[in-house]
Each structure stands twice: as C-alpha cells, then as structure tokens.
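K.L.:
One predicted model, sequence on top.
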Amino acid sequence: MKYCSTRGKVQGLSFTDAVMMGLADDGGLLLPEEIPGLSPNDLQQLSKLSYPELAFQIISRYATDIPESDLKALVNRSYASFEDPQITPLVKQDDLYILELFHGPTLAFKDVALQFLGNLFEYLLGKSNQRMNIIGATSGDTGSAAIYGVRGKENINIFILHPKGRVSPIQELQMTTVTDKNVFNLAVEGTFDDAQAIVKDIFGDLKFKERHALGAVNSINWARVLAQVVYYFYAWFQVNQETGAQQIDVSVPTGNFGDIFAGYIAKQMGVPINQLILATNSNNILSRCINSGDYSIADVHHSLSPSMDIQVASNFERYLYYLLDCKAEKVVQAMDNFKKNGRLEFTATQKQRLRNDFLSSSSDDNKTLETIRSFYKKTDYILDPHTATGIAVGEQNRNPAHPLVCLATAHPAKFGDAVQKAIGFNPDLPAPFVGLTSRAKNVVTISADKEQIKNFISANAT
C-alpha cells in the first residue's frame, strides 16, 4: 500500500514514511492510494474476531511494510492497557446502541488510536535509531491521550498545545500533571484553531521540521484515522449479531472531522452503514457545510462540549479530496482560496453529494443538557456532553428502519460540571482521576505566536 498527499506533490510513500511524515511536506494530508474493499465473505470472517484480532486484520491491509508478527505485537500491546476486554464495548440503552470508546488509560476515544500510535512511533524509531519531537494541538482529549501514549519513551519528546482555559478542568489536569521529562505542555493564549494553525504552519517550515525531526499525533497523521476505522467494523458486527439488521446508522460527535472520516473510510471498505450522522455543537461549520454548502469560518464559541469547539476542521481536506474526484490541483486551489477568503465554494452537484454522504445537525448547550437529563431519567446512564450532542443529533436524524449507534467519546467524569448542571450531581470519579488536583503541574503559558513556540521547541527538543 502506497500513500499520496491530497495536494499532489507527495506520492508513493510507504506506510512507515507516511506515519513518520505526519503532515505531507506539500502541506496536504496523506491518504492511501486506494481503499481496500471487503466482500461479504470477508466481513463474515472478520465478525468472529476479538477486537485486537480485528484491529490487526484491518490495519495490516494498510501497513503492508511492517512484518505481520511485529504489527500483531504492536496491536496487542496497545490494547492491553484498556480496562474492558472488549476494548470498545457496545451497550444498549433505551432504543439505541452506545459504543463506549472511553475504556483506555485517559478515558477518551483518542486512546484507541494514540496507544497504537505511541507504540508504533517507538517501534519505528527503534528500527531506524532515530529521534522524534512530537508536536500536537488539542481541544481536550488528544493531548492527554498522546501524552499517555509516549510518556517515558526513549528518543521521543512531546509538545502539546492546548487553549488556555478552554478545556475542562479534568482534561487540563490529565495533561499538566504528567511530569515525565519528555513531556512539555503549552497553554496557548488563544483558541484551539489558533493552536492548530500554528502546528500546521510549523510543519510547513520544512527546514525546521527536518532539523528537529518533527512528528504528528493530531489526526493529520493517517495512523490516527486508521486505528479509528476499526471500531466501526466492531460496532457493526455486534449489532448485526444481536439483531440481524442489514445496515446501521452511526451518529458521531465531531469538531475536527477525523472521527467521522474514519467512519467514511469504513463505509467505503464495505461496512454496511446506511447513514453517517455528523453532530456538532454551536461551533457548527461542518453542519452548515453539509446542509447548505456553507463552509466558512465563524467565531469560536466556548461550550459545554469543549473538545468540539473548532471552526476549521483539519481532516475535512481528506474528504474534500474525494469530493473533488481525487484531483489534487483542485484541492490546492480550494485550500488556497480558503486561506485567503475563509470559505470553501461548492457546486450544486458537490452540495448534493455532501448531503448524500452525511446527515448533520447541531445541538446547543441547552439541548445537550436536556439530553443528558432526559437520558439519565430514562436509563440511569450518564452521558458526557459530547456523547449527548451525538445522541441529540442522532435521534433527530435517525431512520427507524435501522439500528442507531452513537459513539460515546469520553467518560462523563471528564466533564463533571456539565453533568452536574444537567442532573444535579457529579458522576463518581474513576480511579485514574482521584488525586489529580493535588499533583504537581508541568505547564508553560505562552502566546499564540508561532515564533515563540518554535523557540520553545528548539530549546527543549530531544
């Protein structure tokens, strides 16, 4: 399997090279040159596997340059850290299914990919006797999951940028109380979009990238998306075995488009997903895009679901590549115009394709709180605000002919303030969160200034 950039100037990369490059050197995002399709017989065979076995089978179709025995060991080690043996258990509540993606070390769905990516980085660096300085921006969960994926690992330093005061208290503590010497937390005085733009600009400085051997853990790294593809297969197999349904709908709360793009890839591979439902909060650039073709930057609103407080969805460029018929020159033109004008333009045909590929709505804070409240009254099950956003939008757009699967992206205790507003009490703290407030912190406040951040990286790089 070879990889190419959405912008056309990087082609023919191996999986290893694609993972290590992160953001393509031409500024685009890397994609496989083809998406392997699976037959109904293939799906039947895969349906019998455990989650780690399934992950190996899916990932091995893309990571063709890694020996099978090595890849299998990487996958097994990555998911050994999860507290539920099913890794991403599916539970039925009321009349829908919830895919619990929060059973990893940091209790967020990002662990599913970042435990794998951290081990993959360590393996590849060991093979090549190289070093890496990881840079990432986070709206909440990516930061802690990335840190826990590489903390203490040899030849890797990690620099995580988060918007100061715009992540939940638990999310901030999970990042800033890790004191391993290879971990650096930067509280950026700005929004997540500011931090994400700085990270992409730094990767665009190819001399700086090469000098400091920069690596990416954001979902700009293809391996992040690939690892998330697996749980769409797993969800389908569980629902099909229980109900005999021939298709499912899946509701995905997303701000950066990575999680739902993984679902798009799974559907292209053959998972019988009838409809991908994209849920946003009040930062609704993706919903506006799908419903009316309006992909234009607006102000970022601080919400009760902060991991989705994003107005520039980095991974949308991957889907745009397919929307523009895999014509890299059209992607370059579109992204250049977006950089200049803050908006993308679509033809009538493209707008219709967007609506065919996705359904979408947004849920504001009031609707999110009401969903947490009403769902708890019906089921005694506590939702985090991101999952509640997905359920609210999923219910609004569901097709009664198909079972509805909603992705649960975080443990509710990560957002205790929102839960308390909805149901009057905080969820019990799971063991990993106990005592966080009393631990020493490791964080530096810094301006949303690319040069200041580059200087900090230069001074602390491995």
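P.N.:
Nice, I can see it.
K.L.:
name the element Ser251 belongs to?
P.N.:
Per DSSP states H and E, Ser251 falls inside strand 248-253.
K.L.:
Centre of the chain to that strand, how far?
P.N.:
15 Å (Cα atoms, centre = their mean, to the nearest Å).
K.L.:
Residues contacting the helix or strand just after that strand, please?
P.N.:
The helix or strand immediately downstream of strand 248-253 is helix 258-269, counting by DSSP H and E. Outside of helix 258-269, the residues within contact range by Cβ atoms under 8 Å, 6 or more residues apart in numbering are 35-38, 58, 109, 219, 224-226, 228-229, 232-233, 250, 252-254, 273, 276, 278, 314-315, 318-319, 357-358, 407, 409. Every residue, glycine included, has its C-beta placed from N, CA and C.
K.L.:
Repeat the analysis, applying 6 Å as the threshold.
P.N.:
Helix 258-269 is contacted from outside by 35, 38, 219, 225, 228-229, 232, 250, 252, 254, 273, 276, 278, 315, 318-319, using Cβ atoms under 6 Å, 6 or more residues apart in numbering.
K.L.:
Check stretch 109-118 too.
P.N.:
78, 81, 101, 104-105, 141-142, 145-146, 149-150, 223-224, 227-228, 409.
K.L.:
tell me how far that stretch is from the chain's mean position?
P.N.:
9 Å.
K.L.:
for it, which positions count as buried?
P.N.:
Phe109, Lys110, Asp111, Val112, Ala113, Leu114, Gln115, Phe116, Leu117, Gly118 (16 or more other Cβ atoms under 10 Å).
K.L.:
Select the longest helix from this structure.
P.N.:
Using DSSP state H, we find that the single longest helix of the chain is helix 222-243.
K.L.:
That helix vs strand 248-253, what angle?
P.N.:
When axes from the mean of the first three to the mean of the last three Cα atoms, to 10 degrees is applied, the directions of helix 222-243 and strand 248-253 differ by 140 degrees.
K.L.:
Now do helix 222-243: distance to the chain's middle.
P.N.:
Using Cα atoms, centre = their mean, the offset of helix 222-243 from its chain centre is 14 Å.
K.L.:
what does the average pLDDT come to for it?
P.N.:
What helix 222-243 shows for mean pLDDT is 97.
K.L.:
How about stretch 315-333?
P.N.:
On average, stretch 315-333 scores 98.
K.L.:
Show me what that stretch is in contact with.
P.N.:
With contact meaning Cβ under 6 Å, 6+ apart, stretch 315-333 is reached by Thr6, Arg7, Gly8, Leu29, Leu31, Ser219, Asn256, Phe257, Gly258, Phe261, Gln350.
K.L.:
Now for Lys200: which residues touch it?
P.N.:
With Cβ under 6 Å, 6+ apart, Lys200 has no contacts at all.
K.L.:
Mind listing the strands the strand holding Ser251 pairs with, and their directions?
P.N.:
Using DSSP bridges, strand 248-253 pairs in its sheet with strand 273-280 (parallel), strand 404-408 (parallel).
K.L.:
okay, those in JSON lines with distance to Thr371 and mean neighbour count next?
P.N.:
Shown next, in JSON lines, are the strands paired with strand 248-253 (distance: least, Cβ to Cβ, whole Å; neighbours: other Cβ atoms under 10 Å):
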{"stretch": "strand 273-280", "distance to Thr371": "11", "mean neighbour count": "24"}
{"stretch": "strand 404-408", "distance to Thr371": "11", "mean neighbour count": "27"}
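K.L.:
Output those strands as a markdown table; include the columns distance to Arg131 and mean pLDDT.
P.N.:
Formatted as a markdown table, the strands paired with strand 248-253 follow (distance: least, Cβ to Cβ, whole Å; pLDDT from 0 to 100):
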| stretch | distance to Arg131 | mean pLDDT |
| --- | --- | --- |
| strand 273-280 | 38 | 98 |
| strand 404-408 | 35 | 98 |
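K.L.:
mind putting those strands in JSON lines, distance to Lys92 included?
P.N.:
Listed next are the strands paired with strand 248-253 as JSON lines, based on distance: least, Cβ to Cβ, whole Å:
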{"stretch": "strand 273-280", "distance to Lys92": "18"}
{"stretch": "strand 404-408", "distance to Lys92": "10"}
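K.L.:
Indicate which one of those strands is closest to Gly126.
P.N.:
For Gly126, the closest of those is strand 404-408, at 33.3 Å, according to Cβ to Cβ.
K.L.:
what comes into contact with the closest one?
P.N.:
96-101, 235, 248-252, 387, 390-391, 394, 398.
K.L.:
re the thing from before, between the strands paired with strand 248-253, which one is closest to Leu13.
P.N.:
It's strand 273-280; of the strands paired with strand 248-253, that one is closest to Leu13 (Cβ to Cβ) at 27.5 Å.
K.L.:
okay, the angle between the closest one and helix 258-269?
P.N.:
Using the same axes, to 10 degrees: strand 273-280 against helix 258-269 is 170 degrees.
K.L.:
With just CA atoms, put strand 273-280 into PDB.
P.N.:
Output of strand 273-280 as PDB, limited to C-alpha atoms (Å, rounded to 0.1, in the frame of the first residue of the first chain):
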ATOM      1  CA  ILE A 273     -23.500   1.900   7.200                       C
ATOM      2  CA  ASN A 274     -26.800   3.400   5.900                       C
ATOM      3  CA  GLN A 275     -26.100   6.900   7.100                       C
ATOM      4  CA  LEU A 276     -23.300   8.700   8.900                       C
ATOM      5  CA  ILE A 277     -24.800  11.400  11.100                       C
ATOM      6  CA  LEU A 278     -22.400  14.200  11.900                       C
ATOM      7  CA  ALA A 279     -23.200  16.000  15.200                       C
ATOM      8  CA  THR A 280     -21.800  19.400  16.000                       C
END
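K.L.:
From the chain's centroid, how far away is that strand?
P.N.:
With Cα atoms, centre = their mean, you get 15 Å for strand 273-280.
K.L.:
what's whichever helix or strand comes after it packed up against?
P.N.:
Later in the chain than strand 273-280, the nearest helix or strand by DSSP H and E is helix 285-292. With contacts taken as 3 or more Cβ pairs under 6 Å, 6 or more residues apart in numbering; DSSP states H and E, helix 285-292 sits against strand 273-280, strand 358-362.
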